[in-house]
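J.: Show me how the following folds:
(one chain, ligands or ions: 1)
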Amino acid sequence: MNTTKLRDKDLEWADYALISAMSIQRKSATDVIARCREANVKTIAGGPLFTTDYEDFVDVVDHLVLNEAEATLPRFLKDLEAGHAEKMYTSDEYVNLQKTPLPLWELVDMKKYASMNLQYSRGCPFDCEFCDISVLFGRRVRTKTRDQVLAELDSLYSRKYRGDVFFVDDNFIGNRSKLKNDILPAIIAWNEAKGRPFSFQTEATIDLSDDEELIQLMVRAGFSSVFIGIETTNEDSLSECNKLQNKNRDLLACVSKIHKLGLRVMAGFILGFDNDPPSIFERTSAFIQNSGIASAMIGLLNAPRHTKLYQRLAKEGRLLGEETGDHMDLAINFIPAMDYDTLIQGYKAVVRRIYSPPAYYQRLKKFLREFKPLQIKAPRLRISSLKISYLQALPRSVLLLGIIGKERLHYWNLIFWTLFRRPRLVPLAVTLAIHGFHFRRFSESYL
Ligand code: SF4
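T.: Purely as a prediction, here's the structure:
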């Protein structure tokens, strides 16, 4: 439904509709369930939203197939085939990912996506108070085998997909020794043998910066960027949310080191911790500017159901309801320690500042100055493998950012600066300028 509309005729022929969603898609999922009921199509729901909030859907969904599908979906299908499917299927088991089948990529129109997904691991060894990963997937990191990962890459490749592949792991580096000794060397060999058709992105924790060898292997394997939860620069807030891996370190130096080794950092920040001082807004903007992190996502703290934060706030009588899952909609599902208006005004000021053209383009230069991508022979570009949208990106960016946009002076300044100082990085500079435009438009629509 990100790429196509659900039409009535899609429902007319269907025996069942299988619905999966994350909490940000709650409204859309609720609407789809209502439409299915109207069309007399039975619904089968599973995935994170339904697993954590099944009480909200038990009266409107025909079958809830919860937790990890590898454990519950086969049981449901067996019962369905035998004619006695039950209302709800749950499991306490954290499944063995080595049983996970290959995705059926033929069901997806890949041309409509900016990147494809590959999940190598589930679970995270850390236990941040606001995060529900440990509830959903546990703290023991479970991984697929090297052969599974290569089979998934082969499957994308054989369907002629080229471009970005996101490793959608909760924390890609949860099991470092397996990555270093098994998975990354295999991906390096695969990617090189195929002429580097893919560029990878993933999510990891800041302690990645402690392991130079791991970063270098990731870069050689074709990883271009990594999303890191930096969350806050305030040590007391890090203690409060149990983000201990971020404590007692020079976070700016960590980001800089990762950039210098050839991985671009994208990062998440959170405002609204009990321990946030009034200076947190200024400190957060300054950190983002000084870090050169172009893609900085800033959210207000919220408490997803079943997290330790949710339990603490309930005990303290501060919960106001359920989170929306949308961390930019200015909603907070608890009474914050800071005055609410001060928090919202401060939040808006940070978002406005970091995506204003002068700040954003200045940050891009800081990043481009220190970023040292791997020196490799560029793969031969085959026009047939490029998506039309990529071919249109340059002229459109010139028109929208360089001619019409209010940032046009900054845009051309960046392009010429990069052309003279870091000519190899011009395509990246254009890409990041486009990202900035997206972030600015997106955040303006919220603010
Ligand atoms: S490190 Fe990330 S995935 Fe792991 S518990 Fe903390 S927020 Fe969740």
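J.: can you list the weak-confidence ranges in the protein?
T.: Scanning the chain for pLDDT under 70 picks out 376-391.
J.: how about the residues of it that lie near the ligand?
T.: Neighbours of the ligand within the chain, by Cβ under 6 Å from any ligand atom: C124, F126, D127, C128, C131, I133, S134, D170, N171, T205, G229. Where C-beta positions appear, they are placed from N, C-alpha and C, glycine not excepted.
J.: Filter those residues down to just the ones in helices.
T.: Of those, the ones assigned to helices by DSSP state H are I133, S134.
J.: Quick one: buried ones out of the residues of the chain next to the ligand?
T.: Using 16 or more other Cβ atoms under 10 Å as the burial test, these include C124, F126, C128, C131, I133, S134, D170, N171, T205, G229 as buried.
J.: Let me know the closest of the residues of the chain next to the ligand to A29.
T.: Proximity of the residues of the chain next to the ligand to A29, judged by Cβ to Cβ, is greatest for I133, which lies at 20.4 Å.
J.: how about that closest one, what does it touch?
T.: Applying Cβ atoms under 8 Å, 6 or more residues apart in numbering to I133 gives the contacts G123, C124, D170, N171.
J.: who's in contact with the third one?
T.: Going back to what we said before, that points to D170. S121, R122, G123, C124, I133, F137, E203.
J.: In a markdown table: the residues you listed, plus distance to S209.
T.: Formatted as a markdown table, the contacts of D170 follow (distance: Cβ to Cβ, whole Å):
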| residue | distance to S209 |
| --- | --- |
| S121 | 20 |
| R122 | 23 |
| G123 | 21 |
| C124 | 17 |
| I133 | 21 |
| F137 | 24 |
| E203 | 14 |
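J.: ok, so of those, who is nearest the ligand?
T.: Set against the ligand, the nearest of these by Cβ to the nearest ligand atom is C124 (3.2 Å).
J.: didn't that closest one look like it was pressed against G174?
T.: Yes: between C124 and G174 there is a contact under Cβ atoms under 8 Å: 5.8 Å.
J.: Need the overlap of contacts for the two.
T.: Joint contacts of C124 and G174 (Cβ under 8 Å, 6+ apart) are V141.
J.: picking up where we left off before, please flag which of the residues of the chain next to the ligand sit within strands.
T.: When these are checked against strands (DSSP state E), the matches are G229.
J.: Could you tell me how many residues sit around R312?
T.: 16 (other Cβ atoms under 10 Å).
J.: Quick one: classify it as helix, strand or coil.
T.: helix (DSSP: H, G, I helix; E, B strand; the rest coil).
J.: pretty sure it contacts F130?
T.: No: contact between R312 and F130 fails when scored by Cβ under 8 Å: they sit 10.1 Å apart.
J.: and the helix or strand harbouring V149, what other elements does it pack with?
T.: Here V149 sits within helix 146-158, counting by DSSP states H and E. Where contact means 3 or more Cβ pairs under 8 Å, 6 or more residues apart in numbering; DSSP states H and E, helix 146-158 is packed against strand 115-118, helix 184-193, strand 198-204.
J.: which of the residues of the chain next to the ligand lies closest to A433?
T.: Closest to A433, out of all of the residues of the chain next to the ligand and judged by Cβ to Cβ, is G229, at 25.1 Å.
J.: distance of that closest one from V149?
T.: 24 Å (Cβ to Cβ, to the nearest Å).
J.: Tell me which residue of the stretch 151-300 of the chain lies closest to the ligand.
T.: Counting by Cβ to the nearest ligand atom, the stretch 151-300 of the chain gets nearest the ligand through D170, at 4.4 Å.
J.: what about Q289, helix or strand, and which?
T.: helix 280-291.
J.: ranges for the helices of the stretch 201-350 of the chain?
T.: Per DSSP state H, counting those that start in this stretch, the stretch 201-350 of the chain carries helices over the ranges 212-221, 235-240, 251-260, 280-291, 308-315, 340-355.
J.: how much distance is there from the third one to the middle of the chain?
T.: Spelled out, that is helix 251-260. Taking Cα atoms, centre = their mean, to the nearest Å, the mean C-alpha location of helix 251-260 is offset from the chain mean by 20 Å.
J.: what does it rub up against?
T.: 206, 208-209, 212, 215, 226, 228, 230, 233, 265, 267, 287, 290-293, 367, 370-372.
J.: tell me the angle of it relative to strand 198-204?
T.: Between the axes of helix 251-260 and strand 198-204, defined by axes from the mean of the first three to the mean of the last three Cα atoms, to 10 degrees, the angle is 160 degrees.
J.: Check the longest one too.
T.: Calculated by the same axes, to 10 degrees, helix 340-355 forms an angle of 150 degrees with strand 198-204.
J.: can you give me the angle helix 340-355 makes with helix 280-291?
T.: 20 degrees.
J.: domains for the chain, by residue range?
T.: 8-89, 367-374+387-446 (automatic domain parsing).
J.: Switch those domains over to TSV; also include mean neighbour count.
T.: Shown next, in TSV, are those (neighbours: other Cβ atoms under 10 Å):
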stretch	mean neighbour count
domain 8-89	16
domain 367-374+387-446	16
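J.: Quick one: closest of the ones you listed to G325.
T.: Across the domains of the chain, G325 has its closest neighbour in domain 8-89 (3.1 Å, Cβ to Cβ).
J.: Over to that closest one now: how far is its first residue from its last?
T.: 29 Å (Cα to Cα, to the nearest Å).
J.: going forward can the numbers begin at 28, since that is how I track them
T.: All set: I'll call the first residue 28, so the last point we hit is now domain 35-116.
J.: gap between it and the chain center?
T.: 24 Å.
J.: quick one on the thing from earlier: which neighbouring elements make contact with the helix holding Q316?
T.: helix 278-287, strand 291-298, helix 367-382, helix 384-397.
J.: isn't E262 right next to L271, touching?
T.: No: using Cβ under 8 Å, E262 is not in contact with L271, being 10.7 Å away.
J.: Against V378, how distant is M355?
T.: Taken as Cβ to Cβ, the span from M355 to V378 is 8 Å.
J.: any common contacting residues for the two?
T.: Shared contacts of M355 and V378, counting by Cβ under 8 Å, 6+ apart, come down to I325, S470, Y473.
J.: ok, of those, which one's closest to K69?
T.: Of the shared contacts of M355 and V378, the one sitting nearest to K69 (Cβ to Cβ) turns out to be Y473, at 36.4 Å.
J.: tell me the contacts of that closest one?
T.: M355, D356, L357, V378.
J.: Tell me the buried residues within those residues.
T.: Here, 16+ other Cβ under 10 Å leaves M355, V378 buried among those.
J.: What is the nearest of the contacts of Y473 to the ligand?
T.: M355 (17.7 Å).
J.: S470 is in contact with that closest one, correct?
T.: Yes: M355 lies in contact with S470 (Cβ under 8 Å); the separation is 6.9 Å.
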